[in-house]
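*Asks:* Have a look; sequence and predicted model below, questions after that.
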Amino acid sequence: VREQDTVSRLGGDEFILLLPDTDAPGAARVADKLLQAALMPFQIEQHELTVTPSIGIALFPKDGADLDTLSKCADAAMYRAKGDGRNSYRFFTSEIQAHSDRTLLLNNALRRALERDQLELHYQPQISMETGQTVGAEALLRWHHPELGAVSPAEFIPIAESSGLILPIGEWVIRTATAQLAAWIQQGMKPITMAVNLSSAQFRHADLPQLVTSILEDVGLDPGLLELELTESVAMTHPLGAIAVMDDLRQRGVRMAIDDFGTGYSSLSYLKRFQVYKLKIDQSFVRDITEDPDDKAIVGAIISMASSLGMQTIAEGVETEGQLEFLRARGCTEAQGYYFSRPLPAKEFQNYLRKAALKLF
């Protein structure tokens with residue numbers, strides 16, 4: 001940087017550069033120089049390390065008239081650079097401002113969503129390929145805000161995870177889903193499996209196995225009817241720790257499944273050691289399964305591998321007869337998707353099961 005510039009450590013691993021009398025192209029040149037300098041490796045004992053910075057740029061006076069405002073704008077742009085893959089820089093824009101404002105709004109609203117009874121579970125049927133019967137349900141979280149309307153899970157789940165709200169919300173989901181299944185069974189419904197997604201924060205929490213056992217005891221549900229779904233990427237982040245947690249849950253009688261299988265990277269040696277009984281084939285492979293030879297090969301390989309390891313498979317996102325027939329021919333165990341039903345509120349799901357039972361009868 002120049003003599004008149006200022007370099008400051010803000011805290012942790014964040015730094016601020018003040019560049020007086022600099023325009024956007026000048027700031028971009030400095031950012032490029034920083035990125036190039038960071039590519040130089042550091043030798044720490046036997047390790048060669050490389051830094052991948054994320055840089056956000058805010059301009060005076062367009063983006064703010066004081067240091068606090070400019071700092072916040074640069075911070076928002078920096079997080080955009082992180083989200084876009086790191087090792088890059090981004091200028092603050094009105095679109096980033098809108099996204100930042102929306103995130104803050106949702107974050108604040110989500111903190112009160114539980115106590116204000118705005119969250120609801122919908123249930124999507126899981127169908128046996130062999131019998132055509134509903135053998136399970138996946139509990140899917142929905143949020144309907146009185147002013148904001150229906151907020152997509154793709155939008156609010158990442159906010160819940162980054163803010164820590166996913167822990168109380170996740171506990172509410174497990175408790176509500178298992179209590180609902182227990183109530184259905186008490187009303188005479190044939191027992192089915194209840195599948196609940198686990199976030200990475202939940203899975204890393206030391207008290208998870210005991211919490212799950214406590215909830216099941218409270219609601220009076222057989223542990224064998226609960227299936228906890230963990231994404232492949234989360235399981236592979238710390239595989240040895242994941243194996244320990246999965247072992248603990250399995251010993252408590254809870255079933256484990258790997259969600260979105262095929263979208264991450266799994267070591268087959270670890271997959272063999274994971275105490276899971278089911279692999280969930282991601283809908284991105286199912287979507288074009290009748291036309292795309294690569295998807296056909298991938299799905300066929302997953303089903304074959306799971307079968308050889310003694311695991312079941314379930315395909316999500318099934319929407320057509322052709323997809324269903326391909327999966328059935330390859331030996332897939334279960335399927336779910338709009339071909340059978342969209343996710344339904346509890347009462348509608350119960351009606352769906354009644355009608356399905358009548359058809360079978």
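*Replies:* Ah, there it is.

*Asks:* Can you name the element that comes right after the lowest-mean-pLDDT helix or strand in the chain?
*Replies:* Each helix and strand of the chain was given a mean pLDDT (mean pLDDT, DSSP states H and E); the minimum falls on helix 268-273 at a mean of 73. The helix or strand immediately downstream of helix 268-273 is strand 278-281, counting by DSSP states H and E.

*Asks:* Report how many residues lie close to Leu208.
*Replies:* By other CB atoms under 10 Å, 21 other residues sit near Leu208. Just so you know, the C-beta spots here come from the backbone N, C-alpha and C atoms, and that holds for glycine as well.

*Asks:* Could you pull up the contacting residues of Ala139?
*Replies:* Each residue near Ala139 by CB atoms under 8 Å, 6 or more residues apart in numbering is listed here: Leu121, His122, Tyr123, Val173, Thr176, Ala177, Gln180, Met194, Ala195, Val196, Asn197.

*Asks:* What confidence value was assigned to the fifth one?
*Replies:* What the model reports as pLDDT for Thr176 is 97.

*Asks:* what about the residue nearest to it when sequence neighbours are not counted, distance to Asp295?
*Replies:* Nearest non-adjacent residue to Thr176, counting by CB to CB, 6 or more residues apart in numbering: Leu121, 5.5 Å away. Leu121 sits at a distance of 31 Å from Asp295 (criterion: CB to CB, to the nearest Å).

*Asks:* all strands in the stretch 251-361 of the chain, in order from the N-terminus.
*Replies:* For the stretch 251-361 of the chain, the strands defined by DSSP state E, counting those that start in this stretch occupy 255-261, 278-281, 312-315, 334-335, 344-345.

*Asks:* Pull stretch 81-93 out as CSV, backbone CA atoms only.
*Replies:* Only the C-alpha atoms of stretch 81-93 are listed here, as CSV (Å, rounded to 0.1, in the frame of the first residue of the first chain):
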residue,chain,number,x,y,z
ALA,A,81,-16.9,-13.0,-1.7
LYS,A,82,-16.7,-15.9,0.8
GLY,A,83,-20.0,-17.2,-0.5
ASP,A,84,-18.8,-17.1,-4.1
GLY,A,85,-15.9,-19.3,-3.3
ARG,A,86,-13.3,-17.3,-1.4
ASN,A,87,-9.9,-16.1,-2.7
SER,A,88,-11.6,-13.1,-4.5
TYR,A,89,-13.0,-9.6,-3.9
ARG,A,90,-16.4,-8.1,-4.3
PHE,A,91,-17.6,-4.5,-4.4
PHE,A,92,-20.6,-3.5,-2.3
THR,A,93,-23.8,-3.3,-4.4
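
*Asks:* What number of residues are in the vicinity of Arg250?
*Replies:* As a burial measure, Arg250 scores 17 neighbours (other CB under 10 Å).

*Asks:* How about the contacts made by it?
*Replies:* Contact analysis of Arg250 by CB under 8 Å, 6+ apart lists Met256, Gln275.

*Asks:* and what of Lys72?
*Replies:* Shown in contact with Lys72 (CB under 8 Å, 6+ apart): Gly64.

*Asks:* ok, it to Ser199 distance?
*Replies:* Remark: distance between Lys72 and Ser199 (CB to CB) = 28 Å.

*Asks:* for the most centrally placed residue in the chain, what are its contacts?
*Replies:* The centroid of the chain falls nearest to Ser199 when counting by CA atoms, centre = their mean (6.1 Å). Ser199 sits next to Ile157, Ala160, Glu161, Ile166, Gly170, Val234 when contact means CB under 8 Å, 6+ apart.

*Asks:* ok so, going back, who wins for proximity to Glu147 among the strands of the stretch 251-361 of the chain?
*Replies:* Nearest of the strands of the stretch 251-361 of the chain to Glu147, taken as CB to CB: strand 344-345 at 21.2 Å.
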